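Trainee: structure for the following, please:
(one chain, ligands or ions: 1)
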Amino acid sequence: MSGFPSSLDNLIDRFASLPGVGRKSAQRLAFHVLSLPDEEAFAFADAISEAKRSIHRCPVCQNLTDDEQCGICTSAKRDQSTICVVAQPRDVLSFERSREYNGVYHVLHGVLSPMNHVGPDDICIKELVSRVSAGGVSEVIMATNPDTEGDTTAMYLSRLLKPFEVKVTRLAY
Ligand code: ZN
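Mentor: Residues are numbered from 1 along each chain as shown. Below is the predicted model of the structure:
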């Protein structure tokens with residue numbers, strides 16, 4: 001028993017379930033939310049509902065979008081024959097911000113990690129293979145992180161894509 005009303009306990013539990021938020025921070029956040037004017041607090045809750053309702057994975061590249069397909073996959077200005085493979089949606093953002101890249105992306109939503117029981121079926125690999133096998137792709141650039149899991153994933157994908165007539169490269173860091 002914390003001595004708090006149960007709805008406050010519930011709010012603290014929700015904050016504490018977020019990555020990197022400990023019990024103390026969760027309490028601080030919960031009290032902060034309670035101290036907000038009604039409209040601000042409700043706008044916060046609405047933003048979560050709205051994002052969850054409208055955002056889904058682009059059926060082509062698996063990046064997050066609130067359109068039917070994402071803006072990059074539907075852009076006539078992008079080279080649809082070059083696919084850059086990244087682990088997370090945030091990697092697309094950093095590519096778009098920092099690099100001169102005009103191709104399209106494929107977001108895996110993870111990397112292979114035997115230690116954490118993440119296998120090929122747990123990330124968006126079959127979506128990439130069916131995309132390449134459908135044709136129209138000339139180059140696939142592996143841009144997973146240059147660490148053990150990123151390298152393993154890139155090597156695994158390179159082998160999978162070997163049967164197709166597509167150039168597979170590893171991004172040089
Ligand atoms: Zn897309």
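Trainee: next, the distance between the ends of stretch 107-124.
Mentor: 7 Å (CA to CA, to the nearest Å).
Trainee: and that stretch, average pLDDT?
Mentor: For stretch 107-124, mean pLDDT is 95.
Trainee: what residues does it touch?
Mentor: 57, 61-63, 85-89, 91-92, 106, 125-126, 128, 144-145, 149-150, 152-153, 156 (CB atoms under 8 Å, 6 or more residues apart in numbering). Quick note: C-beta positions are derived from backbone N, CA and C, even for glycine.
Trainee: of those residues, which belong to helices?
Mentor: 89, 91, 92, 125, 126, 128, 149, 150, 152, 153, 156 (DSSP state H).
Trainee: next, count neighbours for the first one.
Mentor: Around residue 89 sit 19 other residues, with neighbours defined as other CB atoms under 10 Å.
Trainee: swap in the second one?
Mentor: For residue 91, the tally of surrounding residues (other CB under 10 Å) stands at 19.
Trainee: what residues are up against it?
Mentor: 107, 143.
Trainee: now swap in the one 10 residues further on and tell me
Mentor: Taking CB under 8 Å, 6+ apart as the contact definition, residue 101 lies against 84, 95.
Trainee: that one belongs to a helix?
Mentor: No - counting by DSSP: H, G, I helix; E, B strand; the rest coil, residue 101 is not part of a helix but coil.
Trainee: near the ion, which residues of this protein?
Mentor: Residues of the chain lying near the ion by CB under 5 Å from the ion: 58, 60, 61, 70, 73.
Trainee: thinking again about what came up before, which of the contacts of stretch 107-124 are buried?
Mentor: When those are checked for burial by 16 or more other CB atoms under 10 Å, the buried set is 57, 61-63, 85-89, 91-92, 106, 125, 128, 144-145, 149-150, 153.
Trainee: so, low pLDDT: which residues of this protein?
Mentor: Residue ranges of the chain with pLDDT under 70: 1, 173.
Trainee: other SSEs contacting the longest helix along it?
Mentor: Criterion DSSP H: the longest helix present in the chain is helix 38-54. Under the contact criterion of 3 or more CB pairs under 8 Å, 6 or more residues apart in numbering; DSSP states H and E, helix 38-54 touches helix 23-35.
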